[in-house]
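[1] Quick check, what structure comes out for this input:
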Amino acid sequence: MKVEHVRNYVVERLPYALNPKSIAVVGASRYTTKVGYKVIEGLKNWGYKGKIYPVNPRTAMMHGMKTYPRVCDIPEEVDLVFIAVPAHIVKSVLEDCVKKEVKIVVIATSAFKEIGRGELQNELTQYCRDHQLPLIGPNLVGMGSPYLNFNCGFIPYLPKQGPVAMISQSGANLLAALGTSQKDHFGMSFFVGLGNKADVDFCEFIAYADKDEHTKCVSVYIEGLDSPEAFVEACRQVKKPIVAIKVGGSKIGVKAAFAHTASENPNADSYYDEIFKEAGAIRATTWQQFLDISLALGMQPPLKGDNIVMITNGGGSGLLSCDHFERCGLPLHELSEISPSLAQRIRAYMPMFGSPLNPVDISGTATPIQYKGAFTQAMRDPNVDGILGSICPTAVTDVDAVVDVVIAIHDTYKHLGKPFIMECQGGEECQNAIMKLRDHGIPAYATAEQAVNAMVALYQYAQIKKDK
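    As a prediction, this is how the structure comes out:
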């Protein structure tokens, strides 16, 4: 159902969705394949320290804990109720939650609007709104935070700690992001699946993310945007970068989005371009771009100008990069245009056959000392706004030592507020380098295009900040 504005009572209750002192799991099960089993298992295995109350009228004990027939039978206070029972039972559970004065409810159950039962979904939503009981879902996978050791849903693992908050309608893509987090060190602050988002909407979790101390970038996966005014309003008030990806605009995608999360898409794709522009959100068009630019915006400061210097030991990487910069509308400038003496100073750290243009090719024989000298000269130059570095592993390239140089320079000069992004194109040694760089707060990528997209997003965000 539509949300006109961010509702304060909802935002005030959202901390109970990610950091509750007590959770009741309605539909708790002893069968390992059931959602009600996996929720309790995930809470316990990942270190949740609060109280768990299994709710199931058919048994007295479960998971070594006392089981209650109904929520209202629990003698202590309950912050969060996670509902995983058939759709026709949900209304009675919500009535018990209201009686119990529960803080917030999550409905994992499917079979609502996405299969044509919109009237039932709206009835439940209106009931919760009438009693100011925020409802997350239905038809969702769950939520969690690696900083809080909180895994609530049928979710196999938590992500690595990091700066990106992910708010997603799709459970499958959210799970994919969690896997990417573990595999590729894509750090996250918290994540939430909204499913059909019958009540709590994007705008309210965006407002919550703005207050979260661990969140540096808010990333939103959208299948349907039925409260655009509230979305724009929330984004405009947030002091953190926002990345959005909107799917379901193709002819067959419109039908697929409705069947998935009951999302309706009556507007052309250009309509969403305008919405995101008005909101001050950066729009991604592919999943990989969505992840790449979210990581950069969470780790690095905005790119305040277009004087970008690229330093590489591979001419091919440089050519791919400068072509993609131009395609993105942010062409590189020659060093002589950026700073008159910069080329001469960098030339001291390359062989005679190196190229002091831009990209700066310090050659395939470049040593860690030469990388250090070139990066340092670029970083210290007041006319340089951002640096893109690239490692191409030749037989003489000490990848590990270059990575250590990059980390040291980043730590030494990050007070200057200049974005520093790396590209490492190669095999296992480059994959390991990317992980190490990310672990030290430096966005690093496997291809030139990914690195360029990240730098362009930092420039876009700087322009957005000027307009806010």
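
[2] Tell me which other helices or strands the longest helix anywhere in the chain touches.
    Using DSSP state H, we find that the single longest helix of the chain is helix 448-467. Applying 3 or more Cβ pairs under 8 Å, 6 or more residues apart in numbering; DSSP states H and E, we find helix 448-467 packed against strand 282-284, helix 287-299, helix 315-327, strand 386-391, strand 420-424, strand 444-445. Using the backbone N, CA and C atoms, a C-beta is placed for each residue, glycine as well.

[3] Report the distance from the second one to the chain centre.
    Pointing back at helix 287-299 there. 7 Å (Cα atoms, centre = their mean, to the nearest Å).

[4] same check, this time on the last one
    Between the mean C-alpha location of strand 444-445 and the chain-wide mean there is a distance of 16 Å, by Cα atoms, centre = their mean.

[5] and it, what does it pack onto?
    Here strand 444-445 touches strand 420-424, helix 428-439, helix 448-467, going by 3+ Cβ pairs under 8 Å, 6+ apart.

[6] Next, Met143: phi, psi?
    phi -150, psi 170 (degrees, to the nearest 10).

[7] my guess is it meets Ser189, correct?
    No - between Met143 and Ser189 there is no contact under Cβ atoms under 8 Å: 12.0 Å.

[8] more neighbours, those two?
    More neighbours surround Met143 than the other of Met143 and Ser189, with 28 against 25 (other Cβ atoms under 10 Å).

[9] how about the helices in the stretch 151-300 of the chain?
    Taking DSSP state H, counting those that start in this stretch to define them, one finds helices in the stretch 151-300 of the chain at 171-184, 202-211, 228-237, 251-261, 269-279, 287-299.

[10] how about the first one: buried residues?
    By that I understand helix 171-184. Neighbour-count burial for helix 171-184 flags Gly171, Asn173, Leu174, Leu175, Ala177, Leu178, Thr180, Ser181, Asp184 (criterion: 16 or more other Cβ atoms under 10 Å).

[11] Report the separation between the last one and Asn432.
    Counting by Cβ to Cβ, to the nearest Å, the gap between Asp184 and Asn432 amounts to 12 Å.

[12] that older thread, tilt between the longest helix of the chain and strand 420-424?
    160 degrees (axes from the mean of the first three to the mean of the last three Cα atoms, to 10 degrees).

[13] ok, residues contacting helix 448-467?
    Outside of helix 448-467, the residues within contact range by Cβ atoms under 8 Å, 6 or more residues apart in numbering are 241, 243, 280, 282, 288-289, 292-293, 295-297, 300-304, 306, 308, 317, 320-321, 324-325, 328-330, 386, 388, 390, 419, 421-423, 425, 443-445.

[14] Just the buried ones from these?
    Buried among the contacts of helix 448-467 by 16+ other Cβ under 10 Å: 241, 243, 280, 282, 289, 292-293, 295-297, 300-304, 306, 308, 317, 320-321, 324-325, 328, 330, 386, 388, 390, 419, 421-423, 425, 443-445.

[15] export the helices of the stretch 151-300 of the chain to a markdown table and tack on mean pLDDT and distance to Glu4?
    Listed next are the helices of the stretch 151-300 of the chain as a markdown table, based on pLDDT from 0 to 100; distance: least, Cβ to Cβ, whole Å:
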| stretch | mean pLDDT | distance to Glu4 |
| --- | --- | --- |
| helix 171-184 | 96 | 27 |
| helix 202-211 | 98 | 10 |
| helix 228-237 | 97 | 6 |
| helix 251-261 | 65 | 21 |
| helix 269-279 | 94 | 16 |
| helix 287-299 | 98 | 28 |
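
[16] roughly how far out does stretch 318-335 sit from the chain middle?
    The answer for stretch 318-335 is 27 Å, by Cα atoms, centre = their mean.

[17] how long is that stretch end to end?
    Taking Cα to Cα, to the nearest Å, stretch 318-335 runs 14 Å from one end to the other.

[18] Stretch 101-111 too?
    End-to-end for stretch 101-111, by Cα to Cα: 26 Å.

[19] now stretch 218-230
    Start-to-end, stretch 218-230 (Cα to Cα) is 16 Å.

[20] mind checking how far Arg347 is from Lys99?
    Arg347 is 76 Å from Lys99, by Cβ to Cβ.

[21] Select, out of the helices and strands packed on helix 448-467, the one closest to Arg117.
    helix 287-299 (29.8 Å; Cβ to Cβ).

[22] report the angle between the axes of the longest helix of the chain and helix 287-299?
    50 degrees.

[23] For helix 448-467, buried residues please.
    Neighbour-count burial for helix 448-467 [16+ other Cβ under 10 Å]: 448-462, 464.

[24] now stretch 58-70
    For stretch 58-70, a neighbour-count test (16+ other Cβ under 10 Å) marks Met62, His63, Thr67, Tyr68, Arg70 as buried.
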